[in-house]
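> pasting the sequence and the predicted coordinates here, then a few questions.
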Amino acid sequence: MSIYLDYQSAKPVDPRVLAAMLPYFHEQFGNPSSLHAEGDAATAALEEARETVAAWINATSDEIIFTSGATEANNLALIGYALRNQDKGKHIIISEIEHISIHNIAKYLEQSGFKISRVPVDQYGRVSLSKLKSRITPETILISVGYASNEIGTVQPIAAIGALARSQNIVFHCDGVAAEGLLSLDVQRDQIDLLTLSANDIYGPKGVGALYVRRGLRLKPLLIGGGQERGLRSGSENIPGIVGMARAAAIMSQEMALEVPRLRGYRDKLITGVLATIPRSFLNGHPQERLANNAHFRFQGVEGESLLLSLKQQGVAAMTGSACTARTLEPSHTLISIGLLHEEAHGSLEFTCGRFTRAEDIDRVLEILPGIVERLRKLSPLYQGNKG
């Protein structure tokens, strides 16, 4: 049986979520914009889902905009807010370890005349509040920092960043995707103005997401059409997907208190076992302030891709770097930002546990990984243990 430990890249749809979605593909197929009974049923499902997603993050239903996923939500948050509010200033701050979609949106805004500041992080990937504050200028209109790293799992001091932004009257956007289902998301507590969400990261379907927009904020729509989603996201709503996202949020809210400690136990066993049995192995990311399901290592003298292929031959799926940047040969920008050399970054390996991970999966990885690393090191001209 194969072992899947790449839950940060993609998650299977929970069967309970799929069951909730199925009627909306055939029996209840109406369009919420229609005025007949089928349309009314679709509208009721849409608004019920909006209430559920809003309750998940302590928002109100009129503050939820459904999108095609997290990337679209990030685009609407940053570009939509920047273009709508550029008369207030044209300076935006992001961190150096944001998701690649945020970095590429920032490049687009730079080409459109905005100034972007990128705040460095420490060796664990944490944003320094003092360095963030030092980059604020009278022209700053937006700060964007992800709740946690999708690669090394480090959790940011989001409440403190939100408080800083609110005290400076600067809008705060947070990409919450990596933290979904692992940490409590509360836009009121953390003073978040714009929050990006994804359905798949809570075992819902791919191709669905949402953006929380604090009441009163004004954004420029990026998709022009029939004016759905308060005019901010035109296009017929994906009702099966939205219903699935809401069902996934409800399940996650009910089960998170038991699921997270279980995942934390797997993570800690993996970290302790790898560091104890494989010499010159290191943990990337913060040792304590990290996601409950994330174990991210680097191994001296071994290529991450070689590790992945060897694990694949043994039926284990893991990841090196981010799935969203896996098509490039460049080392992860997150690993370079925390101070790793290129060869160190290339020797990294990420395991992320999830809802369907079993205790024996972790045992199996701990059984085979030391032998794989030892074999690859014997073939490696980079491993210091082979010299002299």
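Done, it's in. Numbers count the residues shown, from 1 in each chain.

> what about Ser95, neighbour count?
Ser95 is flanked by 27 other residues according to other Cβ atoms under 10 Å. For glycine as for every other residue, the C-beta is placed from the backbone atoms N, C-alpha and C.

> for Glu367, see how far away it is.
Taking Cβ to Cβ, to the nearest Å as the measure, Ser95 and Glu367 are separated by 37 Å.

> any idea of the mean pLDDT in the host helix or strand of Thr196?
Per DSSP states H and E: Thr196 is located in strand 194-198. Confidence for strand 194-198, expressed as mean pLDDT, is 98.

> that one packs against which elements?
Where contact means 3 or more Cβ pairs under 8 Å, 6 or more residues apart in numbering; DSSP states H and E, strand 194-198 is packed against helix 70-75, strand 171-175, strand 209-213.

> quick one: which of these is nearest Gln86?
Comparison of the helices and strands packed on strand 194-198 against Gln86 by Cβ to Cβ identifies strand 171-175 as nearest, at 12.6 Å.

> give me the mean pLDDT for that closest one.
98.

> what does it contact?
With contacts defined as Cβ atoms under 8 Å, 6 or more residues apart in numbering, strand 171-175 is touched by 70, 74, 77-78, 81, 85, 98-99, 102, 141-147, 158, 161-162, 165-166, 190-196, 217.

> hmm, 7 Å instead?
70, 74, 77-78, 81, 99, 102, 141-147, 158, 161-162, 165, 191-196, 217 (Cβ atoms under 7 Å, 6 or more residues apart in numbering).

> filter those down to the ones in helices?
Taking DSSP state H, the ones among the contacts of strand 171-175 that sit in helices are 70, 74, 81, 102, 158, 161-162, 165.

> want to throw those residues into a markdown table with distance to Gly241 and neighbour count?
Formatted as a markdown table, these follow (distance: Cβ to Cβ, whole Å; neighbours: other Cβ atoms under 10 Å):
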| residue | distance to Gly241 | neighbour count |
| --- | --- | --- |
| Ala70 | 13 | 25 |
| Asn74 | 18 | 26 |
| Tyr81 | 25 | 23 |
| Ile102 | 23 | 23 |
| Ile158 | 27 | 24 |
| Ile161 | 31 | 26 |
| Gly162 | 29 | 21 |
| Ala165 | 31 | 26 |
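
> which one among those gets closest to Ser380?
Among those, Ile102 lies closest to Ser380 (Cβ to Cβ), at 34.5 Å.

> residues in contact with the closest one?
Taking Cβ under 7 Å, 6+ apart as the definition of contact, the neighbours of Ile102 are 74, 94, 144, 175.

> state the distance from the last one to Glu110.
The gap separating Asp175 from Glu110 is 19 Å, by Cβ to Cβ.

> more neighbours: the two, which one.
Between Asp175 and Glu110, counted using other Cβ under 10 Å, the more crowded position is Asp175 (28 against 12).

> ok, what's across the strand from the more buried one?
Beta-bridge pairing for Asp175 (DSSP bridges): Thr196.

> buried ones in stretch 371-384?
Using 16 or more other Cβ atoms under 10 Å as the test for burial, stretch 371-384 gives 372-373, 376-377, 380, 383.

> so what's Phe172 closest to, chain neighbours aside?
The shortest distance from Phe172 to any residue other than its chain neighbours is 3.8 Å, reached at Ala165 (Cβ to Cβ, 6 or more residues apart in numbering).

> roughly how far does Gly354 sit from Gly69?
Between Gly354 and Gly69 the distance, using Cβ to Cβ, works out to 19 Å.

> widest-spaced pair of the buried residues of stretch 371-384?
Checking these against each other with Cβ to Cβ, the farthest-apart pair comes out as Ile372 and Tyr383, at 13.5 Å.

> quick check: next helix or strand after the top helix by length along the chain?
Criterion DSSP H: the longest helix present in the chain is helix 239-277. Past helix 239-277, heading to the C-terminal end, the next element that is a helix or strand (DSSP H and E) is strand 281-283.

> just how off-centre is the following helix or strand past that next one within its chain?
The helix or strand immediately downstream of strand 281-283 is strand 294-299, counting by DSSP H and E. Its chain's C-alpha centre and that of strand 294-299 lie 17 Å apart, by Cα atoms, centre = their mean, to the nearest Å.

> now do the contacts for Ala41.
With contact taken as Cβ under 7 Å, 6+ apart, Ala41 is in contact with 28, 30.

> buried set for the helix or strand it falls within?
Under the criterion DSSP H and E, the helix or strand holding Ala41 is helix 37-56. Across helix 37-56, burial judged by 16+ other Cβ under 10 Å covers 41-43, 45-46, 49-50, 52-56.
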